[in-house]
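# Next comes the sequence, and after it the predicted model I'd like to discuss.
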Amino acid sequence: MAAQGVEVWLPAPSWIDSALRQSGNIRPEVEAVFRNSGSGALLEIYPKGESEALWSTVYGVRISTGSRFTLKEYRAAVMSGFARNCSPALTGFFQLGTDEDDVLAPLGHVCGAYDPRLRLYTGLGEVMVMSFRQEGDTVALIFQQWRGKSFNPSDPASWPVDTGIVEAQARQLQAEPRLTRAD
């Protein structure tokens with residue numbers, strides 16, 4: 001994907017099987033939404049048949065330009081934003097690894113139930129894993145989210161996704177995405 005003066009290379013979403021990944025032609029198996037504005041861009045990819053309104057998983061990247069934040073400050077701002085969307089007693093974050101200088105470990109987020117003020121999401125919760133990249137004043141948040149019925153964040157067996165999938169996707173989002181200036 002190229003937008004906002006940068007190029008982002010993303011691995012395939014977790015639901016794409018290895019044969020389809022090898023073919024490089026995942027487009028027939030996904031729905032995608034792309035938005036590009038003055039200071040940012042957003043690409044969201046859904047399994048075929050799902051959409052912005054009704055999804056069980058979404059994969060994507062958010063690019064923000066002109067950022068005055070360090071990557072750690074940007075991560076803290078993202079955490080604050082996601083935490084506000086969840087019921088305070090049922091939200092939490094977990095880091096999958098350790099930060100090494102400017103290379104941040106993948107971050108996981110559990111939201112056992114959305115904030116009651118978000119009425120459209122009553123009875124739902126989500127798990128998210130994200131990775132962060134920075135190139136100059138441009139930051140990228142690469143993510144995958146899984147949504148399902150409300151759950152107990154301290155009981156991974158109740159999550160809408162198996163923890164093995166979360167961990168594998170976190171490793172992939174840490175190792176494979178690239179953010180570079182567009183030529």
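Yes, it's here. Numbering: from 1, shown residues only.
# which residue ranges form the helices in the chain?
18-23, 71-84, 163-175 (DSSP state H).
# helices or strands up against the shortest one?
In this structure, helix 18-23 packs against no helix or strand, with contacts taken as 3 or more C-beta pairs under 8 Å, 6 or more residues apart in numbering; DSSP states H and E. Heads up, the C-betas are built off the backbone N, CA and C, glycines and all.
# where in this protein is pLDDT low?
183 (pLDDT under 70).
# rerun that using 90 as the cut-off
In the predicted model of the chain, residues 1-29, 36-40, 51-54, 64-70, 97, 100-103, 116-121, 135-138, 175-183 satisfy pLDDT under 90.
# between the helices of the chain, which one is nearest to G38?
helix 71-84 (18.2 Å; C-beta to C-beta).
# Any idea how far that closest one is from the middle of the chain?
13 Å (C-alpha atoms, centre = their mean, to the nearest Å).
# Tell me the buried residues in that helix?
Buried residues in helix 71-84, counted by 16 or more other C-beta atoms under 10 Å: L71, Y74, R75, V78, F82.
# Pick the one among those closest to C111.
Nearest member of the buried residues of helix 71-84 to C111, counting by C-beta to C-beta, is F82, at 7.1 Å.
# Just confirm that closest one contacts V110, I think it does.
No: F82 lies out of contact with V110 (C-beta atoms under 8 Å); the separation is 10.1 Å.
# list the residues that contact both of these two?
T91, M128 (C-beta atoms under 8 Å, 6 or more residues apart in numbering).
# So what sits opposite the residue nearest the centre of the chain in the bridge?
When C-alpha atoms, centre = their mean is applied to the chain, the residue found nearest the centroid is F143 (1.6 Å). Beta-bridge partners of F143, counted by DSSP bridges, are G60, M130.
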